[in-house]
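[1] just coords:
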């Protein structure tokens with residue numbers, strides 16, 4: 001039996017899928033239990049046709065793939081939102097199964113997509129949408145299926161991790177580290193979705209939606225990025241024994257869920273602090289499995305194509321055995337709502353930094369305000385600026401556990417003091 005696939009999009013991932021398909025065709029056929037035929041390929045750039053062999057049909061119109069009655073699996077690799085949404089939803093309604101790497105689309109349209117899957121008895125596989133080549137979705141959806149997922153924490157974006165690693169290891173400012181990431185292809189020309197935390201939020205939304213069998217919307221996630229990170233904070237963090245990382249975190253509390261994407265100070269002896277460059281790391285904690293760690297290349301065409309082809313193999317296997325779509329790939333219960341807790345009431349430890357005038361009594365004034373908001377200080381660092389060109393003297397503190405709302409209120413009061421020259425900075429400490 002042949003399973004026919006149509007691919008839409010021959011960018012870095014799509015081109016790598018073609019290359020992998022040709023290179024490992026025998027392995028792919030053996031694992032899938034059938035012959036997988038590359039039937040039709042679409043890309044808006046007609047010159048990409050040269051990547052194909054054996055007179056495979058090439059088109060610049062995605063509708064030729066979606067409407068092709070012989071195509072069993074549509075592989076959507078164009079990214080973006082509007083066109084990709086139309087491709088996937090139309091293809092499902094026309095009886096196609098889907099493989100996609102589109103994390104933004106899934107995070108934004110989870111309800112519609114998996115409601116359609118249920119109605120038409122089709123599946124959407126999307127391993128490469130999170131962690132590229134790291135098989136975290138299959139592990140979460142299948143290997144850990146019996147567990148109540150207590151927490152999900154991860155370095156989910158290779159661009160931001162590369163930038164933070166470069167700043168830390170090479171002592172470079174943010175702008176220079178970003179340019180280096182762009183030059184090496186780890187960051188897009190417009191890196192805003194990465195550095196502002198949205199890419200990480202898409203992936204956290206997907207993992208959480210799988211884990212908790214309900215749609216965790218982007219509006220359920222507190223999102224901050226690294227666009228305002230300063231080298232001096234990275235160096236101060238090091239002096240306290242921490243590294244700064246952008247983490248996506250999902251956690252269950254008695255009152256509900258907490259979903260956050262934000263900068264954290266991570267202890268240097270923790271595995272997250274030692275995952276560098278474009279690599280991703282994801283820790284999932286189940287009530288019976290305990291903590292399980294996944295580490296690997298979280299970006300790049302080759303890593304992502306590995307996951308895409310794995311999805312094609314498993315969908316093809318289900319088609320051949322007439323099992324695909326009979327049981328949903330994703331458990332989705334629309335009636336189960338997401339109840340989130342107020343993050344400002346959650347008690348955590350924090351790193352805080354002030355830039356102040358250089359005169360006696362400054363620390364006492366700041367400490368007085370902190371005391372009024374029941375903020376207890378665990379450690380203080382006060383000396384000449386590490387960055388000599390900066391005006392003012394830095395005062396850096398680590399707090400004991402405090403509600404974030406209390407801390408924010410204190411920061412606003414301290415910012416108004418005549419001895420404080422800049423808006424205070426605070427970063428949560430990972431436990």
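    Received it, and whenever you're ready, just let me know what you need. Small disclaimer: the values here were computed from a predicted structure and weren't measured.

[2] for the one helix or strand in the chain whose mean pLDDT sits lowest, which outside residues touch it?
    Counting by mean pLDDT, DSSP states H and E, the chain has its least confident helix or strand at strand 377-382, which shows a mean of 89. Around strand 377-382, the neighbours that count as contacts under Cβ atoms under 8 Å, 6 or more residues apart in numbering are 236, 239-240, 349, 363, 367, 370, 393-400. C-betas here are computed from N, CA, C, even on glycine.

[3] in its sheet, which strands sit next to that strand, and in what direction?
    In its sheet, strand 377-382 lies beside strand 393-399 (antiparallel), with partners assigned from DSSP bridges.

[4] C-terminal to the strand it pairs with, what's the next element?
    Using DSSP states H and E, the helix or strand that follows strand 393-399 in sequence is strand 402-403.

[5] quick revisit: sort out which residues of the least confident helix or strand of the chain are buried, please.
    Of the residues in strand 377-382, none has enough neighbours to count as buried (16 or more other Cβ atoms under 10 Å).

[6] roughly how far is that strand from the heart of the chain?
    Mean C-alpha position of strand 377-382 versus that of the full chain (Cα atoms, centre = their mean, to the nearest Å) differs by 33 Å.

[7] before we move on, what about stretch 217-225?
    For stretch 217-225, the distance between its averaged C-alpha position and the chain's averaged C-alpha position is 11 Å (Cα atoms, centre = their mean).

[8] first-to-last residue distance for that stretch?
    18 Å (Cα to Cα, to the nearest Å).

[9] do the same with stretch 50-62
    Between the opening and closing residues of stretch 50-62 lies a distance of 18 Å (Cα to Cα).

[10] what does it rub up against?
    Surrounding stretch 50-62, the residues in contact under the criterion Cβ under 8 Å, 6+ apart are 8, 10, 15, 18-19, 22, 38-46, 48-49, 64-65, 78, 83, 87.

[11] at 10 Å what do you get?
    For stretch 50-62, the external contacting residues (Cβ atoms under 10 Å, 6 or more residues apart in numbering) are 6-10, 14-15, 18-19, 21-22, 37-46, 48-49, 64-65, 67-68, 74, 76, 78, 83-84, 86-87, 90-91.

[12] what lines up beside the helix or strand containing residue 150 in the sheet?
    Counting by DSSP H and E, the element that carries residue 150 is strand 149-155. Taking DSSP bridges as the criterion, strand 149-155 sits next to strand 242-253 (antiparallel), strand 279-286 (antiparallel) in its sheet.

[13] pretty sure residue 203 sits against residue 248.
    Yes - counting by Cβ atoms under 10 Å, residue 203 does reach residue 248; the two are 6.4 Å apart.

[14] which neighbours do those two share?
    130, 152, 154, 156-157, 261, 282.

[15] tell me which other helices or strands whichever helix or strand comes after the strand holding residue 150 touches.
    Beyond strand 149-155 on the C-terminal side, the first helix or strand identified by DSSP H and E is helix 158-170. Helices and strands in packing contact with helix 158-170 are listed as helix 174-183, helix 192-195, helix 198-212, helix 231-239, strand 242-253, strand 256-267, strand 279-286; criterion 3 or more Cβ pairs under 10 Å, 6 or more residues apart in numbering; DSSP states H and E.

[16] nearest to residue 316, out of those?
    Of all those, helix 198-212 sits nearest to residue 316, with 21.9 Å by Cβ to Cβ.

[17] tilt between that closest one and strand 279-286?
    Helix 198-212 runs at 30 degrees relative to strand 279-286, counting by axes from the mean of the first three to the mean of the last three Cα atoms, to 10 degrees.

[18] any idea how far helix 198-212 is from the chain center?
    When distances are taken as Cα atoms, centre = their mean, helix 198-212 is centred 7 Å away from the chain's centroid.

[19] quick one: name whatever helix or strand follows it.
    Where DSSP H and E defines the elements, the next helix or strand beyond helix 198-212 is strand 222-223.

[20] quick one: strands adjacent to that next one?
    With DSSP bridges as the test, strand 222-223 pairs up with strand 256-267 (parallel).

[21] name the residues of the helix ranked longest in the chain that are buried.
    If you go by DSSP state H, the chain has its longest helix at helix 301-320. Judged by neighbour count using 16+ other Cβ under 10 Å, the buried positions of helix 301-320 are 301, 303-320.
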